[in-house]
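Need the 3D shape of this:
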Amino acid sequence: MNIRTLFCVLTAFATAIAVSTPAFANDSFENAHKTKPGKWINWKNVEYNYVKDLKSDNIGVRISAANNIGEYHMEGAMGPLTDMLNSDKNEVARLAAALALARLGEPEAFEALEFAAKGNGNMDVAQFCRSLISASGEKFELPLRYNAER
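Numbering: from 1, shown residues only. Just a heads-up that it's a prediction; the model follows:
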């Protein structure tokens, strides 16, 4: 798969996310971490581990961590995701970081995307960031995952 095909696939994926809602959209975030009666997830530890994984030598681990941070809306990981977007040596990892930041939907996340969209050394990453910003609709008003409900 060449880089243009990958870019098209990721752009389509980002657009699909912009018009869909996550599994937790109809439930409060307080209840989203309840997996089974009596079993709870310590989300602070999960976030800590995902942030640690963003610096892994394994590209698959870095991409998976970025995806999960975006999926579970872990705002505390915004700084490390921004670092990954701006400095990771792997282009696909940078695209995953951009997508995760867009899924967070926070103003600071979109500021990072706008900075990267100006061209941070890679035109494919810059174009992807511009696509995420334009697909988000109300980019500073609501988290990306809630745009489809409005």
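
now residue 83, nearest residue through space, not along the chain?
Once flanking residues are discounted, residue 83 sits nearest to residue 54: 7.9 Å by CB to CB, 6 or more residues apart in numbering. In this view, the C-beta of every residue, glycine as well, is placed from N, C-alpha and C.

correct me, but that neighbour touches residue 65?
Yes - look at residue 54 against residue 65 with CB atoms under 8 Å: they come within range, at 5.1 Å.

ok, the two, which is more surrounded?
Shown here are residue 54 and residue 65; by other CB atoms under 10 Å, residue 65 has more neighbours (28 against 23).

Distance check, the closest residue in space to that one that isn't next to it in sequence against residue 90.
Spatial nearest neighbour of residue 65, chain neighbours left out: residue 53 (3.6 Å); criterion: CB to CB, 6+ apart. In this structure, residue 53 and residue 90 are 14 Å apart, going by CB to CB, to the nearest Å.

Looking at the two, which is more packed in?
Between residue 53 and residue 90, residue 53 has the larger neighbour count (other CB under 10 Å), namely 18 against 12.

I'd assumed residue 63 was in contact with the more buried one.
No - counting by CB under 8 Å, residue 53 does not reach residue 63; the two are 9.7 Å apart.

Could you list the low-pLDDT ranges of the chain?
In the predicted model, the chain carries pLDDT under 70 at residues 1-39, 120, 137-150.

No further questions, thank you.
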